[in-house]
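S.K.: Need coordinates for the below:
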Amino acid sequence: MTRQHKHLGPLGIFDSGVGGLSVLREVRRQLPDEDLIYIADQAHVPYGSRSREEVFGFSDGIVRYLIKKQTKLVIIACNTASAVALKDLRKKYPSLPFVGMEPAVKPAAAETSTGVVGVLATPSTFEGELYASTVERFARGVKILQDTCPGLVKQIEKGEISSLETVQILQRALLPMLEEGVDEIVIGCTHYPFVIPLIKEIVGEGVDVIDPAPAVARQAERLLSKYDLHKEKLEEGKAFFYTTGETGDFERLLTDLLSLDTKAISLRWVEGDLQEN
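M.R.: A predicted model of the protein is given here:
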C-alpha cells in the first residue's frame, strides 16, 4: 500500500450518528497531533436496523467523500458498518488503510473467571460474519449472552444518557445477565460507551466493562506508523465535524457528550453522493 501525499490529509471517522464520537474521543487522546474529519450520517441513523445493501451504499458514499478530502486513513466507527461493509471497502479502495470495529469478545473470553460474557450490540452486528467468526475462534467453552438494547441508540442520539428510560433499557439487558453470573460486558456498539458509567452502576464492581475505542485508536496508530503517514508534529490537530442531520442538534450533542463548543458542517445526500449544503 503506497500513498503519494504523505502526512497531508486528515484521519476520517464515520458513524450513523454520534456513537463514533466515543472513538474520536480516544483517537484525539492517543493521536493529538492528527487532523480529524468526523461524519455523522444522522439522516439514516440507526444503521443497525437497515439492510446490508443500504449500509454498504451509505458507507461507500461517505468513503468517497472522505477521499475527496484527501483522507489518509478511515476509521469505521460503527459496528454495523464494520460488520457489513469493511471487507468490501478494503477491496474497493486497496490504497486506503481502514480500521473497523470488532466486538472485544477475544479479551473478554480470555479474562472471564465465571465463563460467562455479555455482549451489547445491534442486530446487524450479531448477524454479521465478523461477530460469528470472532465468537467461533475465541469464545469456545464460554457462555455468550447477547442483548440488542432496543431503543438505546435513539436515547443516546437525543443526548439522554442518564434518563429513567435509558436506565430501564440497560436494566432489562443487564439484570438477566447478572443472574447468569456474567463478569465481562463487551460494548459492541460505538454509541454505548457513553452510558458506561450507567452500566457500571447497574452491574457493580465485580464486572469488567470493555470499551473497544482504545484498541481502535491503537490500531490506527499502528497503521499510521506502518505506512509512514504520521503528521509532522507542528501543532495540535484540528477536528472538523459534519452531519447529514440537523447541525444545531449535532452541535448540542458535541457539547453534551464531548464538552466541545464547535460548529458542524451540513451535508446532504444527492443520488448516493454526499454534498455540502
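
S.K.: Checking Met269 next. Helix, strand or coil?
M.R.: Wrong residue type there; residue 269 is Trp, not Met. With DSSP: H, G, I helix; E, B strand; the rest coil as the basis, Trp269 sits in strand.

S.K.: could you show me where the helices are in the stretch 51-200 of the chain, in order?
M.R.: Using DSSP state H, counting those that start in this stretch, the helices of the stretch 51-200 of the chain run over residues 52-68, 79-92, 105-111, 123-127, 129-138, 152-157, 164-179, 196-203.

S.K.: mind exporting the helix or strand of the chain with the lowest mean pLDDT as CSV, just the C-alpha atoms?
M.R.: In the chain, no helix or strand scores lower on mean pLDDT, DSSP states H and E than helix 123-127, which sits at a mean of 86. Taking C-alpha atoms only, helix 123-127 is exported to CSV below (Å, rounded to 0.1, in the frame of the first residue of the first chain):
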residue,chain,number,x,y,z
PRO,A,123,-28.9,-6.8,15.5
SER,A,124,-26.8,-6.3,12.4
THR,A,125,-23.6,-6.8,14.4
PHE,A,126,-24.8,-10.1,15.9
GLU,A,127,-25.9,-11.3,12.4
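
S.K.: May I see the buried residues of that helix?
M.R.: Within helix 123-127, the residues scored as buried using 16 or more other Cβ atoms under 10 Å are Ser124, Thr125, Phe126. Every C-beta, even on glycine, is put in place using the N, C-alpha and C of the backbone.

S.K.: Go ahead and confirm the second one touches Cys189.
M.R.: Yes. Counting by Cβ atoms under 8 Å, Cys189 is a contact partner of Thr125 at 6.8 Å.

S.K.: about what we covered before: relative to the whole chain's centre, how far out is the least confident helix or strand of the chain?
M.R.: 14 Å (Cα atoms, centre = their mean, to the nearest Å).
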